[in-house]
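Q: next come a sequence and a model predicted from it.
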Amino acid sequence: MKILIEPNVHLFVDTEGVSLVPDASTMREKPTLILLHGGPGYDHASFKPAFSQLSDIAQIIYYDHRGHGRSDKRPMDELTLDNLADDIVKLCDTLGITKPIVFGQSFGGFVAQRYIERHPKHPLKVILSSTSHNFGLTRKLAMFKRLGGDETSNVASEFWTNPNESSYDVYQKVCRPFYNTVTSSNNNAALRATFNSKILFRWINGEYKDMNLLSGLTHAQCPVLVLAGELDPVCPIDDSRDIVDALPEQFVQFEQFSDCGHGVWRDNPNTAFTRLKKFILES
């Protein structure tokens, strides 16, 4: 379904699981988990069906960022971190959601970090998964070289410094296989996603170049779980360690996964989802 969050701006939203469940003589309310997908330029499809296993403990809200996927097409200059972070609050206001748990994967983690800065009292909890605080090309290239050698690092450098259809096609063939350590059993997952390359290329040449999210993390006023794979080339684990150091010590939890790449829930789902369930349920 499409939800109007401001004049002329609809977000595509999907839900899974009920909010209220019978519990003896009362109706117990489960927490709401809002999933922020990666990209930019992609949609929420990558979360399905993996995150369905959390629907027994939370009501799950999937949605496509403003201008992405099945949400309304919007001018490129609207697709800023500020606007995307504010959209979380607008969506919650429209749906009547208070104190959500917000999960940001990769680019979604950029949005979640800006959300922490701009709306620190809004979430119940935040999860930052396989994400970074800045462009960090040096670390990217070093990890691609470690995993795939000079050719892989050179191809990554060409794409991240000169993003276009040609360099992205080569990057997908040469570098993308190193994102994860486990080959997906769900071979159709990428085919289900919608993708707008213009958003990705515009982002890399725009806000991403000068992005620095660390200072805003000091505003956090709720528990924040940081998940990171030790073999993630695109959001290297040292970026996650910087994020952990920037967050208030009393709120941050950090879980790093050996032999995992980008999206630890893809490479080690049993351990990752066990950790997520623990964080969601703890008071």
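A: Okay, I see it. Values in this document were obtained by computation on a predicted structure and should not be read as measured data. Residues are numbered from 1 along each chain as shown.

Q: low pLDDT regions in the stretch 151-283 of the chain?
A: Judged by pLDDT under 70, the stretch 151-283 of the chain has its weakly predicted residues at 185-187.

Q: show me where it has helices.
A: 165-174, 189-192, 197-205, 214-217, 237-246, 264-267, 269-281 (DSSP state H, counting those that start in this stretch).

Q: turn these into JSON lines, including mean neighbour count and distance to residue 37.
A: In this view, the C-beta of every residue, glycine as well, is placed from N, C-alpha and C. Formatted as JSON lines, the helices of the stretch 151-283 of the chain follow (neighbours: other Cβ atoms under 10 Å; distance: least, Cβ to Cβ, whole Å):
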{"stretch": "helix 165-174", "mean neighbour count": "14", "distance to residue 37": "18"}
{"stretch": "helix 189-192", "mean neighbour count": "12", "distance to residue 37": "12"}
{"stretch": "helix 197-205", "mean neighbour count": "17", "distance to residue 37": "12"}
{"stretch": "helix 214-217", "mean neighbour count": "18", "distance to residue 37": "21"}
{"stretch": "helix 237-246", "mean neighbour count": "18", "distance to residue 37": "19"}
{"stretch": "helix 264-267", "mean neighbour count": "24", "distance to residue 37": "13"}
{"stretch": "helix 269-281", "mean neighbour count": "16", "distance to residue 37": "16"}
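
Q: can I get those in TSV with distance to residue 100?
A: Written out in TSV, the entries for those read as follows (distance: least, Cβ to Cβ, whole Å):
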stretch	distance to residue 100
helix 165-174	33
helix 189-192	25
helix 197-205	25
helix 214-217	18
helix 237-246	20
helix 264-267	19
helix 269-281	11
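
Q: and of the ones you listed, who's closest to residue 10?
A: Checking the helices of the stretch 151-283 of the chain against residue 10 by Cβ to Cβ gives helix 197-205 as the closest, at 17.1 Å.
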